[in-house]
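Q: Return a 3D structure for these sequence lines:
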Amino acid sequence: MTDLRQKIVRVVAAASNGRVSEQNLNDADGDLVAAGMASIDIIGVIEGLEAEFALVIDMNQDPAFLANVDSIAAFVEAQGSAEAAQ
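A: Next comes the predicted model:
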């Protein structure tokens, strides 16, 4: 698992307030809903991503990138986040 993917898994797990573990995400191949994320948790994921990677996420854009850890990683990399490169 890449460092970026590990960071995202930690952000997602933290946003679920303990309902979804890193292991749940890994077992679900990174799919947030399959791992047990609720829709309200996604707001926490967005907030966590913004804080972790110094991003501003437009809430009016297509949320499809939030489907799984890999699509979130691709989104973060496309945003050119300095934190993603570390």
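Q: can you pull the contacts of residue 5?
A: 30, 69-70, 73 (C-beta atoms under 8 Å, 6 or more residues apart in numbering). C-beta coordinates here come from the backbone N, C-alpha and C atoms, glycine included.
Q: Next up, phi/psi of it, please.
A: With angles defined as degrees, to the nearest 10, residue 5 sits at phi -60, psi -40.
Q: before we move on, what about the one 3 residues further on?
A: Dihedral angles of residue 8 (phi, psi; degrees, to the nearest 10) stand at phi -70, psi -40.
Q: pretty sure it is touching residue 71, no?
A: No - applying C-beta atoms under 8 Å as the test, residue 8 and residue 71 come out as separate, 9.9 Å apart.
Q: where exactly do the helices run in the protein?
A: Ranges of helices in the chain, per DSSP state H, are 3-15, 22-27, 32-35, 39-53, 69-78.
Q: What separation do you get for residue 18 and residue 70?
A: 23 Å (C-beta to C-beta, to the nearest Å).
Q: Look at these two and report which has more neighbours.
A: Per other C-beta atoms under 10 Å, whichever of residue 18 and residue 70 has more neighbours is residue 70, with 15 against 7.
Q: Is it correct that that one is in contact with residue 30?
A: Yes - look at residue 70 against residue 30 with C-beta under 8 Å: they come within range, at 5.6 Å.
Q: Quickly note the distance from residue 48 to residue 42.
A: Residue 48 is 10 Å from residue 42, by C-beta to C-beta.
Q: and what of residue 76?
A: The value you get for residue 76 to residue 42, if C-beta to C-beta is used, is 15 Å.
Q: Which of these two has more residues huddled nearby?
A: residue 76 (24 against 17).
Q: contacting residues for the more buried one?
A: Neighbours of residue 76 in contact, by C-beta under 8 Å, 6+ apart: 4, 8, 49, 53, 55, 84.
Q: Next, give me the two most distant ones among the residues you listed.
A: Using C-beta to C-beta, the pair of those lying farthest apart is 4 and 55, separated by 12.7 Å.
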